[in-house]
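1. When you get a sec, could you give me coordinates for this:
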Amino acid sequence: MEAVRGLTPEKRTILQLSTGQYQSVAELSAHTRLPLGVVRVLVTDLATENHLIIHTGGTADDTSTHDADGGISLSLLESVLDGIAAL
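-> Predicted coordinates for the structure are as follows:
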């Protein structure tokens, strides 16, 4: 935890919000009330400094985002709603 002490308050907040759960950059931006571009840079810095791991989600063309009939999967829609609710 010694390395965390040298972090800016914004970076510490992002780490706290990300602990134990996945958070999108948009969600982090909403929670911290920082611009999306700023949060993107801070998250990249934290990943470069080995404080967190960036996971990329599926895209609209990814088969994990579609159901068996080719429609958008329920889990993707639930994730979108969760993100909107967090705002």
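
2. Phi first, then psi, for the residue nearest to the spatial centre of the chain.
-> In the chain, the residue lying closest to the centroid (C-alpha atoms, centre = their mean) is S24, at 2.0 Å. Main-chain torsions, S24, degrees, to the nearest 10: phi -80, psi 160.

3. now swap in I72 and tell me
-> Torsion angles, degrees, to the nearest 10, at I72: phi -70, psi 140.

4. quick revisit: any idea how far the residue nearest to the centre of the chain is from G83?
-> For S24, the distance to G83 (C-beta to C-beta, to the nearest Å) stands at 6 Å. Where C-beta positions appear, they are placed from N, C-alpha and C, glycine not excepted.

5. Likewise for T44?
-> T44 is 20 Å from G83, by C-beta to C-beta.

6. what's the answer for P9, then?
-> 24 Å.

7. Mind checking which of these two has more residues around it?
-> Higher neighbour count among P9 and G83: G83, with 14 against 8, using other C-beta atoms under 10 Å.

8. and the more buried one, what pLDDT?
-> For G83, the pLDDT comes out at 82.

9. Make sure it is actually in contact with L28.
-> No - taking contacts as C-beta atoms under 8 Å, G83 lies outside contact range of L28: 10.8 Å.
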